[in-house]
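Participant: Model the following, please.
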Amino acid sequence: MKRILAADDDADAREFYRLCLEDAGFTVETVEDATAAIIKCLDFMPDLLLLDAEMGGGGGEKVFEKIRGLLGKDIPIIFVTGFPERGKPFASQKNVLVLQKPVLADVLVA
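Facilitator: Model prediction:
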């Protein structure tokens with residue numbers, strides 16, 4: 001079973017991600033900021049990260065840089081953002097997808 005870590009400072013978004021992804025058969029952990037995402041990622045070892053680009057503690061960019069550096073591999077990352085222009089710097093990176101909020105459940109699961 002694939003493991004997903006979803007990090008977003010919006011509690012409703014975290015719950016939405018958890019419900020959609022668990023219903024699709026994934027194991028999901030959620031956290032509310034970048035620092036918690038980094039700590040949880042090293043413990044949980046997810047197969048995919050779902051990151052809010054604008055969350056507290058440094059945003060998804062901080063998590064991206066830290067985790068990619070620490071794990072030494074290109075773990076797949078989905079950035080979700082209400083501001084698509086903020087996701088553009090990440091879109092060209094290997095194994096990165098940028099989605100605009102609000103994300104539809106079927107798009108997220110796909």
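
Participant: So what's the residue count around the nearest residue to Lys2 once chain neighbours are set aside?
Facilitator: Leaving aside its chain neighbours, Lys2 sits nearest to Asp47 (4.6 Å; criterion: CB to CB, 6 or more residues apart in numbering). Bear in mind the C-beta positions are built from the backbone N, C-alpha and C, glycine included. Close neighbours of Asp47, defined as other CB atoms under 10 Å, add up to 14.

Participant: quick one: Asp47 and Ile4, what's the gap?
Facilitator: 7 Å (CB to CB, to the nearest Å).

Participant: now for the helix or strand of the chain with the lowest mean pLDDT, which elements pack on it?
Facilitator: When each helix and strand of the chain is scored by mean pLDDT, DSSP states H and E, helix 84-91 comes last, with a mean of 72. Packing contacts for helix 84-91, counted by 3 or more CB pairs under 8 Å, 6 or more residues apart in numbering; DSSP states H and E, involve helix 59-71, strand 77-81, strand 96-100.

Participant: one more time with 6 Å, if that's ok
Facilitator: Judged by 3 or more CB pairs under 6 Å, 6 or more residues apart in numbering; DSSP states H and E, helix 84-91 is in contact with strand 77-81, strand 96-100.

Participant: Let me know the angle separating the last one from strand 77-81.
Facilitator: Regarding strand 96-100 and strand 77-81, their directions subtend 20 degrees when assessed with axes from the mean of the first three to the mean of the last three CA atoms, to 10 degrees.

Participant: Can you show me the CA trace of strand 96-100 as PDB?
Facilitator: Extracted in PDB, the C-alpha atoms of strand 96-100 (Å, rounded to 0.1, in the frame of the first residue of the first chain):
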ATOM      1  CA  VAL A  96       6.800  17.200  -9.300                       C
ATOM      2  CA  LEU A  97       3.200  18.100 -10.200                       C
ATOM      3  CA  VAL A  98       1.600  21.400  -9.300                       C
ATOM      4  CA  LEU A  99      -2.200  21.500  -8.800                       C
ATOM      5  CA  GLN A 100      -4.300  24.600  -8.200                       C
END
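
Participant: what's that strand in contact with?
Facilitator: Contact with strand 96-100 is made by Ile77, Ile78, Phe79, Val80, Pro84, Gly87, Phe90, Ala91, as judged by CB atoms under 6 Å, 6 or more residues apart in numbering.

Participant: Appreciated, that's everything.
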